[in-house]
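In: need a 3D model of the sequence below.
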Amino acid sequence: MTKNRTSMADIAAHAGVSTATVSRVFNGVGQVSADTRRKVLTAIDELGYDRPTPERTLDTPTIGIMIPELTNPTFASFAHHLQEEVSRAGGIAMIRSQTPGATSEFDHLSSLIEHRVSGLIFVSGRHADLLANLDPYHDVVERSIPLVTINGARPEILAPDFSTGDALGIRAAVTHLHELGHTRIALLTGRTHLIPALRKAEAFTQVMEELVGDRSPIIEETFYTYEAAAARTNGLIERGVTAIVTGSDLQALGAIRTITSMGLSVPEDVSIIGFDDSFLMSHLRPALTTVHQPVLAIVTAAVRNLFEALATPERTPTHADYVFSPDLVMRETTARVR
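Out: I've put the predicted structure just below:
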């Protein structure tokens with residue numbers, strides 16, 4: 001703590017707590033609730049202080065977190081909440097982000113193992129790719145390092161997976177569009193060798209047959225990026241679709257860009273639904289109708305399960321699927337078909 005800047009009294013006043021509480025947070029002694037500790041740390045940050053350095057012991061769990069590129073706001077949200085929950089559980093998070101063309105997931109994994117991490121969390125990693133080699137995950141299990149996966153359940157991996165209910169989200173999106181009179185609906189999603197994209201495509205095919213009688217609906221596979229979606233949208237509009245359900249919010253934004261560049265309007269000419277409900281989607285104009293991915297609920301459950309495994313090392317690793325229901329958030333990018 002920098003002594004000549006702001007006193008403990010100032011921090012206490014800013015946080016709305018007593019100076020004794022601030023002292024307990026700095027010294028790591030006494031009972032302080034998680035909410036109160038967060039208020040004090042927020043006050044320290046806002047007043048320009050250095051946070052107190054947490055005392056690390058040999059018993060402090062170090063959790064390796066593998067996550068895709070943080071330029072994607074959804075993955076950034078996962079990283080943020082995972083770090084918070086691991087800290088709240090008494091551990092230290094070591095986040096490794098993989099960027100296409102840079103250090104691979106398994107190179108990062110080797111580094112984390114060398115650092116003797118206590119447990120591992122994989123978010124939308126190679127485990128979610130049906131074409132990937134799963135041997136590195138089996139090696140982690142054989143090393144008796146507890147792990148959990150997020151958004152990519154693989155029964156072959158003896159670890160629990162915590163995922164968004166992709167099928168439930170797609171069903172809600174298509175049902176909403178059908179209620180607005182749309183029948184020419186397309187799905188713009190990721191490559192279906194990725195489990196979340198495959199689940200979306202399977203659900204889309206099923207619900208389109210049920211509601212519209214279309215056994216071969218329009219499904220466009222591409223990368224989960226703004227640019228890739230923008231490039232593929234032109235062809236969908238030329239095929240006469242009046243609504244597009246996308247596999248991510250970034251894809252939705254790319255689709256909107258192409259639609260408006262063609263002189264069309266969203267939602268007057270084409271309705272758009274995203275997937276994730278990432279940060280700022282409610283602030284767009286028009287605000288994006290999207291499927292809300294329950295990131296915090298998934299993270300909380302995954303971290304709790306991992307720390308339970310750390311506390312019971314004698315437990316036999318097993319696979320389990322935990323599916324979390326998403327919600328359709330209706331905003332301004334869907335309208336009744338003309």
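
In: show the contacting residues for Ser111.
Out: Ser111 sits next to Arg96 when contact means Cβ atoms under 8 Å, 6 or more residues apart in numbering. Heads up, the C-betas are built off the backbone N, CA and C, glycines and all.

In: what's it sitting at in phi/psi?
Out: phi -60, psi -40 (degrees, to the nearest 10).

In: where's it relative to Ser104, distance?
Out: 11 Å (Cβ to Cβ, to the nearest Å).

In: okay, and Phe122 sits in which element?
Out: strand 119-123 (DSSP states H and E).

In: and that strand, what does it pack onto?
Out: strand 62-68, helix 73-88, helix 105-114, strand 147-150, helix 295-311 (3 or more Cβ pairs under 8 Å, 6 or more residues apart in numbering; DSSP states H and E).

In: show residues contacting the shortest one.
Out: Outside strand 147-150, the residues within contact range by Cβ under 8 Å, 6+ apart are 78, 119-125, 127-128, 137, 140-141, 157, 159-163, 298-299, 302, 305-306.

In: mind checking which of those are buried?
Out: Buried members of these, scored by 16 or more other Cβ atoms under 10 Å, are 78, 119-125, 127-128, 137, 140, 157, 159-163, 298-299, 302, 305-306.

In: domain map for this protein?
Out: Annotated domains of the chain cover 8-46, 62-164+295-324, 166-292 [automatic domain parsing].

In: out of the ones you listed, the one nearest Thr334 is which?
Out: domain 166-292 (4.1 Å; Cβ to Cβ).

In: distance between the ends of the closest one?
Out: 10 Å (Cα to Cα, to the nearest Å).

In: related to what we said a few turns ago, and the helix or strand following the strand holding Phe122, what other elements does it pack with?
Out: Counting by DSSP H and E, the next helix or strand C-terminal to strand 119-123 is helix 135-142. On a contact count with 3+ Cβ pairs under 8 Å, 6+ apart, helix 135-142 meets helix 105-114, strand 147-150.

In: what's the spacing between the longest one and its chain's center?
Out: This points to helix 105-114. Its chain's C-alpha centre and that of helix 105-114 lie 21 Å apart, by Cα atoms, centre = their mean, to the nearest Å.

In: if we can go back for a sec, by mean pLDDT, show me the worst of the domains of the chain.
Out: For the domains of the chain, mean pLDDT drops lowest on domain 8-46, to a mean of 80.

In: compute the first-to-last residue distance for that one.
Out: 14 Å.

In: then stretch 170-186?
Out: Terminal-residue distance, stretch 170-186 (Cα to Cα): 11 Å.

In: related to what we said a few turns ago, so the strand holding Phe122 versus strand 62-68, what angle?
Out: 10 degrees (axes from the mean of the first three to the mean of the last three Cα atoms, to 10 degrees).

In: nearest to Asp10 among the helices and strands packed on strand 119-123 would be which one?
Out: helix 73-88 (24.4 Å).

In: tell me the buried residues in that closest one?
Out: Those would be 73-87, for helix 73-88 by 16+ other Cβ under 10 Å.

In: for Val17, which residues are in contact?
Out: Thr36, Lys39, Val40.

In: for the host helix or strand of Val207, buried residues please.
Out: Using DSSP H and E, Val207 maps to helix 195-212. By 16+ other Cβ under 10 Å, the buried positions in helix 195-212 come out as 195-201, 203-208, 211-212.

In: now stretch 88-100
Out: In stretch 88-100, counting by 16+ other Cβ under 10 Å, buried: Ala89, Gly91, Ala93, Met94, Ile95, Ser97, Gln98.

In: any idea how far the residue lying closest to the last one once chain neighbours are set aside is from Ala89?
Out: Spelled out, it's Gln98. Counting by Cβ to Cβ, 6 or more residues apart in numbering, Gln98 lies nearest to Glu105, which is 5.0 Å off, once chain neighbours are set aside. For Glu105, the distance to Ala89 equals 24 Å [Cβ to Cβ].
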